[in-house]
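> quick check, what structure comes out for this input:
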Amino acid sequence: MTKRIIDLIYQEYYGTVLGYCITRLNGDIPAAEDCTQEVFYILQKKIKQLIQLESVLPWLLATADREIKSYKRKHPQNLNIDEIPEQAAPEELRDSVLDILDDEDRRLAALYYGGADKEALAKSLGISTSALYMRMYRIRQIVKEYLENPDK
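Predicted coordinates:
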């Protein structure tokens, strides 16, 4: 019985949830598909609790919001200096961007973007994972400001 209900919900709302995720993730279709699949996986686990809901769509969209936030935390929009187009960042500018960071921030950025486990990295620094994300956000802001105003 619950399998049939899940199938009906999936058929009716999959496109809506996927479209919502695509919009919230700025057109990143693979990420939106991942989040959408996760929403319906959670639905399968919690269907017995949800059967009494008048409408499941608000729950699906709220769950999609949580999954999108989780996805964004796990996959932050990285400002990777090597990916900046050459016309926006000539060679000497890309080298000098790294020079604006202190040694600790430069090392942290290298570990962070080098694929280090975020929880282990935070633990090694004696900070929470959310504090690590905030620190990386600040580093990206420093780099972004420098790229926008290299003369400062």
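> per-residue confidence at A89?
You'll see A89 listed with a pLDDT of 38.
> so which elements touch the helix or strand Y20 falls within?
In the assignment (DSSP states H and E), Y20 maps to helix 2-24. For helix 2-24, the packing partners by 3 or more CB pairs under 8 Å, 6 or more residues apart in numbering; DSSP states H and E come out as helix 29-50, helix 57-74. Placement of C-beta: from N, CA and C, glycine included.
> which one of those helices lies nearest to D99?
Among these, helix 57-74 comes nearest to D99, with 29.3 Å by CB to CB.
> and the closest one, how far from the chain's centre?
Helix 57-74 sits 11 Å away from the centroid of its parent chain (CA atoms, centre = their mean, to the nearest Å).
> want to try TSV for the helices and strands packed on helix 2-24, with mean pLDDT and mean neighbour count as columns?
Formatted as TSV, the helices and strands packed on helix 2-24 follow (pLDDT from 0 to 100; neighbours: other CB atoms under 10 Å):
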stretch	mean pLDDT	mean neighbour count
helix 29-50	91	16
helix 57-74	90	16
